[in-house]
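Visitor: have a look; sequence and predicted model below, questions after that.
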Amino acid sequence: MSYSLDLREKVVKYVERHNNMLEASREFEIGYETVRSWMRAYYQENRLKPREAYRQEPYKLNWEELERFVKENPDWYQVEYAIHFGVSRGQICKVLKRLGITHKKKSNVSRTR
């Protein structure tokens, strides 16, 4: 949770009057780095409001469609699936893992003892 805009304005005015961020942090019982970041945002970006929260985009990959496609094309590599669906290979890897689909194993590998 972020601090109120009213408090941010009070802290900025205090720092401008007294020219001391450490005193402001003690006076308002806020961490020094918080005051410092507010002042940086105020002077560099002319902003006091907190930034918008980062919202993760929903998966643009249809899991059922991927599962069906993998069963139809089992010899493809994850990179090829990623290119086909227009997503990253990491996303393909995560979805396949959640679906319980493991990658190909080499069946003709000989082991030495």
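Guide: Great, that's in hand. Numbers count the residues shown, from 1 in each chain.
Visitor: go ahead and confirm residue 3 touches residue 30.
Guide: Yes: contact criterion Cβ atoms under 8 Å: residue 3 and residue 30 qualify, at 7.2 Å. C-beta here means a position set from N, CA and C on the backbone, and glycine is covered the same way.
Visitor: poorly predicted segments of the chain, please.
Guide: Applying pLDDT under 70 to the predicted model, the residue ranges of the chain that meet it are 1, 54-59, 103-113.
Visitor: how's it carved up into domains?
Guide: Partitioning the chain according to automatic domain parsing yields domains covering residues 5-45, 63-99.
Visitor: could I get the ones you listed as JSON lines with mean neighbour count and distance to residue 52?
Guide: Shown next, in JSON lines, are the domains of the chain (neighbours: other Cβ atoms under 10 Å; distance: least, Cβ to Cβ, whole Å):
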{"stretch": "domain 5-45", "mean neighbour count": "14", "distance to residue 52": "13"}
{"stretch": "domain 63-99", "mean neighbour count": "13", "distance to residue 52": "24"}
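Visitor: got JSON lines for these, with distance to residue 51 too?
Guide: Formatted as JSON lines, the entries for those read as follows, by distance: least, Cβ to Cβ, whole Å:
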{"stretch": "domain 5-45", "distance to residue 51": "9"}
{"stretch": "domain 63-99", "distance to residue 51": "25"}
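Visitor: next, the distance between the ends of stretch 79-91.
Guide: One end of stretch 79-91 to the other measures 10 Å (Cα to Cα, to the nearest Å).
Visitor: distance from it to the middle of the chain?
Guide: A distance of 19 Å separates the C-alpha centroid of stretch 79-91 from that of its chain, computed with Cα atoms, centre = their mean, to the nearest Å.
Visitor: try stretch 12-19
Guide: When distances are taken as Cα atoms, centre = their mean, stretch 12-19 is centred 34 Å away from the chain's centroid.
Visitor: can you list contacts of that stretch?
Guide: Contacts to stretch 12-19, defined as Cβ atoms under 8 Å, 6 or more residues apart in numbering, come from residues 21, 23, 24, 27, 28, 35, 38, 39, 42, 48.
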